[in-house]
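Asks: okay, structure incoming, though there's no sequence with it:
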């Protein structure tokens, strides 16, 4: 079987959510199929400047074929078109102009996809909103599988993307909330889809002490990992955390990991460490009391999954349906809607070790059940197998003609999204039994040390896990 | 910080969040979410006006003070030098134009035309100024109205908060009173444990009691028992309460003395010890005094009260007295 992964950027140094997602999946499926990545020469997602050489390369033994971007993004034109298509009634032509302005415009990539469609069994496209996904899906719709990575922003309400979501053979959603939103907007319930998400390369033995020594961090702390940006809810996080320090006299320090686009308040209990390597990042998460996710929009928070994989509770922004839904479904995190809830939730996790330990334990179990690599791989392989045995249910919708493109009959993207019901999906995704292949790292045996609570679950678990008279050795499978 | 009341095998995030919200509500009293506050702010002022708390005619007065403005329907027109000679009929206009020099032979219309022209421009200017003023006044009115709206809104919220605080104060007061009563009750049931020395001494005390004229008083007190029956044995709590009351009247001792037993050596114990000595004169007086006060203050006291008073050396609830009853 030969699979092509089509993604806007690809490489070791590219840590964007969807791009990293694509790399992880490509490397994992490369164990089961012949995988090739088709991408652009761009590294920067704002300018799409050609920085990497054109041609075939290898990244972690996965062949990568790069194509040049025709033109860089003009921020002014893109901003003007975004304002028009997101907030005003507009035409299909406006949306196509917006897509072209957004980039990465790479006709070479599309030509290659069209010309070599029959060379691959399936094309797996990442990120619906970019140029390559829209035109690529139209070129090879009967072989297209889409990983939308859609957030609840205005772009998903644009009219041109309805055909993308309806014409692909299969959809690999990141969360039930994402699926519900896309189905509500595009009515593509008949397209085969499954909630998959992505796993993570969590180290087996993170070293909390090493992190504390290296960065001179003392005392309990909450950690935030990601770009420090107002769009990610960081300004609100600073306000709320300052209130926590003033009101509750809490002992937690806030440790920020990531590049900052925002002025960070000067406070001895707010520490910014900048961008860290993965090793340090995981050490930090293992040393922390909890992870805070203040983002308003996420299709899937890999950082939250990593925290859960390490047995740490998560405090998420309830305005993000996906995060809230994950917290509720996993029983592994709390969420806040306002400052009072933030302060009280933080205090609850800080002061109730039993609650924090139970949340972390649930998180680890949730990660193992739904986001461990064997589960993810199985979902992808099952979907590919299912699509291989069936035929496309519909033909590709025709492209709008010139006159059709000029008609101002498309509603503003923001209005379309605003009309979609909000709220987390509470019902749990169907559980798929884990394959027996030992892929994920062993989970350390972390018992709740607070003996004052009359909670006997640990002991019961130990009893249940005994096999052949031997106690289970804490996560080794 | 109190623990969460989660008693299931696994935590339930929604349950925890409910408890967190309940705690926030408890802390803040009437809790408003941001959305509720926005909704409150968007509601018309009339809905918030409480006739009992705010002047019911507040809006009426406001509207009287600020009557609605209607612009005057004054005719205004441009008055130029040819205006008086214009006509929509072309021939007439032509004739007037031809005869205009003849007209000027009779009078000079130019000052009149100029005056009317100036007046016309003044009218336009005043109308524009009036419109601007009216717009500004209207904006200020809106501002005043909004300020008043917000004030009433805040006053209403404060009223709700005050009401909640009053209720909390009442609740706390009642709980405080309950706790005081409870502490008094608990103090009254403190069990006295006699020291070994006290247990050895009861014999002389009984002898002393036999010699004194106390039986008279005992006989006098017994009819107070209903039906003439023998009084029921009392619990240690009642006895210790009586004892404490007596010591309080004698000016010392108190709870500390009763807790420390006869060895405490309080004034009452000293007096009783003195009474049991060979000096017989003061003893009846003391006994009578005690009986008198006892009758006045506590009618349901049992007759053995006096015996206890007499037998004070082994004070506080000595065993022989109990058995005697």
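Replies: Received the coordinates, thanks. Please read all numbers here as calculations on a predicted model, not as lab measurements.

Asks: residues contacting residue A:263?
Replies: By Cβ atoms under 8 Å, 6 or more residues apart in numbering or on different chains, no residues touch residue A:263. Every residue, glycine included, has its C-beta placed from N, CA and C.

Asks: scan the chain for its longest helix.
Replies: In the absence of a named chain, this looks at chain A. Taking DSSP state H as the criterion, chain A has its longest helix at helix A:353-370.

Asks: you answered for a different chain; I wanted chain B.
Replies: helix B:110-188.

Asks: which elements pack onto that one?
Replies: Helix B:110-188 sits against helix B:34-42, helix B:45-48, helix B:58-65, helix B:236-250, with contacts defined as 3 or more Cβ pairs under 8 Å, 6 or more residues apart in numbering or on different chains; DSSP states H and E.

Asks: mean pLDDT lowest for which of those?
Replies: With a mean of 54, helix B:45-48 has the lowest mean pLDDT of the helices and strands packed on helix B:110-188.

Asks: would you map the helices across the stretch 251-400 of chain A?
Replies: A:278-287, A:302-309, A:321-330, A:339-351, A:353-370, A:373-388 (DSSP state H, counting those that start in this stretch).

Asks: now the longest one: mean pLDDT?
Replies: When you say that, I think you mean helix A:353-370. 90.

Asks: burial measure for residue A:123, as a count.
Replies: As a burial measure, residue A:123 scores 25 neighbours (other Cβ atoms under 10 Å in any protein chain shown).

Asks: my bad, should have said residue A:267
Replies: So residue A:267, with other Cβ under 10 Å, has 13 neighbours.

Asks: quick check: closest non-adjacent residue to residue A:425.
Replies: residue A:176 (3.8 Å; Cβ to Cβ, 6 or more residues apart in numbering or on different chains).

Asks: hang on, the one you found packs against residue A:426?
Replies: No. Counting by Cβ atoms under 8 Å, residue A:176 stays clear of residue A:426, with 9.0 Å between them.

Asks: okay, these two: which has more neighbours?
Replies: residue A:176 (20 against 11).

Asks: flag every buried residue along the longest helix of chain A.
Replies: A:353-370 (16 or more other Cβ atoms under 10 Å in any protein chain shown).

Asks: who's in contact with the residue nearest to residue A:160 when sequence neighbours are not counted?
Replies: Among residues not flanking residue A:160 along the chain, residue A:95 sits closest, at 4.7 Å (Cβ to Cβ, 6+ apart). Taking Cβ under 8 Å, 6+ apart as the contact definition, residue A:95 lies against A:85, A:158, A:159, A:160, A:410.

Asks: distance of residue A:68 relative to residue A:41?
Replies: 5 Å (Cβ to Cβ, to the nearest Å).

Asks: can you give me the strands in the stretch 101-250 of chain A?
Replies: Under the criterion DSSP state E, counting those that start in this stretch, strands of the stretch 101-250 of chain A are mapped to A:122-126, A:144-147, A:170-173, A:193-195, A:221-225.

Asks: between these, which one is closest to chain B.
Replies: Shortest distance between chain B and the strands of the stretch 101-250 of chain A, using Cβ to the nearest Cβ, is found for strand A:221-225: 16.4 Å.

Asks: what residues does that closest one touch?
Replies: Contacting residues not belonging to strand A:221-225 are listed as A:234, A:237, A:241, A:252-258, A:271, A:281, A:284-285, A:287-294, A:303, A:315, A:346 [Cβ under 8 Å, 6+ apart].

Asks: now do that strand against helix A:302-309, angle only.
Replies: Counting by axes from the mean of the first three to the mean of the last three Cα atoms, to 10 degrees, strand A:221-225 lies at 140 degrees to helix A:302-309.

Asks: angle of the helix or strand hosting residue A:3 against helix A:373-388?
Replies: Using DSSP states H and E, residue A:3 falls within strand A:2-6. Relative orientation of strand A:2-6 versus helix A:373-388 (the same axes, to 10 degrees): 110 degrees.

Asks: now for the very next helix or strand once past strand A:2-6, which elements pack on it?
Replies: Next helix or strand after strand A:2-6 toward the C-terminus (DSSP H and E): helix A:17-29. Secondary-structure packing of helix A:17-29 (3+ Cβ pairs under 8 Å, 6+ apart): strand A:2-6, strand A:34-40, strand A:122-126, strand A:144-147, helix A:302-309, helix A:373-388.

Asks: format these as JSON lines; extra columns: distance to chain B and mean pLDDT.
Replies: Formatted as JSON lines, the helices and strands packed on helix A:17-29 follow (distance: least, Cβ to the nearest Cβ, whole Å; pLDDT from 0 to 100):
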{"stretch": "strand A:2-6", "distance to chain B": "35", "mean pLDDT": "94"}
{"stretch": "strand A:34-40", "distance to chain B": "38", "mean pLDDT": "95"}
{"stretch": "strand A:122-126", "distance to chain B": "31", "mean pLDDT": "95"}
{"stretch": "strand A:144-147", "distance to chain B": "28", "mean pLDDT": "94"}
{"stretch": "helix A:302-309", "distance to chain B": "13", "mean pLDDT": "92"}
{"stretch": "helix A:373-388", "distance to chain B": "21", "mean pLDDT": "91"}
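
Asks: mind putting the ones you listed in CSV, distance to residue A:89 included?
Replies: CSV is the format used below for the helices and strands packed on helix A:17-29 (distance: least, Cβ to Cβ, whole Å):
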stretch, distance to residue A:89
strand A:2-6, 32
strand A:34-40, 32
strand A:122-126, 29
strand A:144-147, 27
helix A:302-309, 37
helix A:373-388, 37
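
Asks: closest to residue B:82 out of those?
Replies: strand A:34-40 (75.5 Å; Cβ to Cβ).

Asks: and the closest one, what other elements does it pack with?
Replies: Using 3+ Cβ pairs under 8 Å, 6+ apart, strand A:34-40 sits against strand A:2-6, helix A:17-29, strand A:62-67, helix A:107-115.

Asks: can you list the buried residues in it?
Replies: A:35, A:36, A:37, A:38, A:39, A:40.

Asks: next one: stretch A:121-136
Replies: A:122-136.

Asks: next one: stretch B:112-121
Replies: B:113, B:116, B:120.

Asks: possible to save the residues you listed as TSV with pLDDT and distance to residue A:401?
Replies: Listed next are those as TSV, based on pLDDT from 0 to 100; distance: Cβ to Cβ, whole Å:
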residue	pLDDT	distance to residue A:401
B:113	88	67
B:116	89	66
B:120	88	60
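
Asks: name the nearest of the residues you listed relative to residue B:18.
Replies: residue B:120 (74.0 Å).

Asks: which residues touch that closest one?
Replies: So residue B:120 contacts B:76, B:77, B:78, B:79 (Cβ under 8 Å, 6+ apart).

Asks: mind running it again at 10 Å?
Replies: B:76, B:77, B:78, B:79, B:80, B:83 (Cβ atoms under 10 Å, 6 or more residues apart in numbering or on different chains).

Asks: okay, domains of the chain per the record?
Replies: Since you didn't name a chain, this refers to chain A. Using automatic domain parsing, the domain parsing of chain A gives A:2-199+A:373-418, A:208-370.

Asks: wait, chain B
Replies: If you go by automatic domain parsing, chain B breaks into B:41-159, B:196-222+B:234-324.

Asks: pick out the shakiest of these, pLDDT-wise.
Replies: domain B:196-222+B:234-324 (a mean of 43).

Asks: doesn't residue A:408 lie inside a helix?
Replies: No. Assessed by DSSP: H, G, I helix; E, B strand; the rest coil, residue A:408 does not belong to a helix; its assignment is coil.

Asks: quick one: it and residue A:89 touch, right?
Replies: Yes. At 5.6 Å, residue A:408 and residue A:89 qualify as touching, with contact defined as Cβ atoms under 10 Å.

Asks: quick one, helices of the stretch 51-200 of chain A?
Replies: Using DSSP H, counting those that start in this stretch, helices in the stretch 51-200 of chain A cover A:75-87, A:92-102, A:107-115, A:131-139, A:160-167, A:176-186.
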